[in-house]
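1. please find the sequence and the predicted model below.
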Amino acid sequence: MLYIKVVTLFDSPQHAEVVKRHLAGEGFSPGEIGSLTRANLTLAGDNLQAASLWQHLLGRDILPYEAAVYGKGARAGGVILTVRVCETELEKVSAVLNVHNAVDIRKRAIADGLISKTGSNEGPARIRRFTTDPPSDALSTLQDEQSAALRHAISDPEFQRAAQEAGSAIPPHQHADALAAAASADESDGSGFLTAADSVEVIRARMRRRLLVEQQSGGAASGTA
């Protein structure tokens, strides 16, 4: 079965939260809804507009100007909302997202001088679709997998070169602090959208995963005692 990651950009967390609630109300699993914000992209430093970063996070066929718009949007406090669906649900999720007037990526790129208006009359570009992998396992969420993709992205030589050229690479000794900040952002109501009103599905999945990690850590400790 083919899976699609559907991507939209909203200029405020509040707007994205409304959309997220609508998606959940239409039956889309909260575990298959993710967000990318400046807070949970801490590991990328100030190099949020690097195409290689967004290739890892969203898809290899992302265009440079799209990466720049997403990065600039995140830096300004916006939210890149992602939803993973099977191809049979693509029409339904698109119908929901079309109601909410997401940022038109092409129009924003023209306004920012990233592309010329000439030859850019294809119509609105508010929803982007990327072929993606199916869920990795029953315990992982899309947000978790995007966090893992971010860690892979910052180790990509292409990203590292771009960050060094821009003078925005995070020194290795600061990676642990950046990871902690990103993890905290993933679980806040301003970035990862985990609030009390959310479905218990995501919360239970994370609790099970953490319990497994604690058990494994305990077993490793007792084995070395």
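-> Structure received. Numbers count the residues shown, from 1 in each chain.
2. so which bits of stretch 25-39 are buried?
-> 28-39 (16 or more other Cβ atoms under 10 Å). No exception for glycine: its C-beta is placed from N, CA and C like everyone else's.
3. what would these look like in JSON lines with secondary structure?
-> Formatted as JSON lines, those follow (DSSP: H, G, I helix; E, B strand; the rest coil):
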{"residue": "F28", "secondary structure": "coil"}
{"residue": "S29", "secondary structure": "coil"}
{"residue": "P30", "secondary structure": "helix"}
{"residue": "G31", "secondary structure": "helix"}
{"residue": "E32", "secondary structure": "helix"}
{"residue": "I33", "secondary structure": "strand"}
{"residue": "G34", "secondary structure": "strand"}
{"residue": "S35", "secondary structure": "strand"}
{"residue": "L36", "secondary structure": "strand"}
{"residue": "T37", "secondary structure": "coil"}
{"residue": "R38", "secondary structure": "coil"}
{"residue": "A39", "secondary structure": "helix"}
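4. farthest-apart pair in those, please.
-> Maximum pairwise distance among the buried residues of stretch 25-39 (Cβ to Cβ): 25.5 Å, between S29 and R38.
5. now the strands for the protein?
-> Along the chain, counting by DSSP state E, strands occupy 3-10, 33-36, 79-86, 128-132.
6. give the contact list for the residue minimising distance to the centre of the chain.
-> With distances taken as Cα atoms, centre = their mean, the residue of the chain nearest its centroid is L36 (3.5 Å). Going by Cβ atoms under 8 Å, 6 or more residues apart in numbering, L36 touches 57, 70, 74, 79-80, 82, 146.
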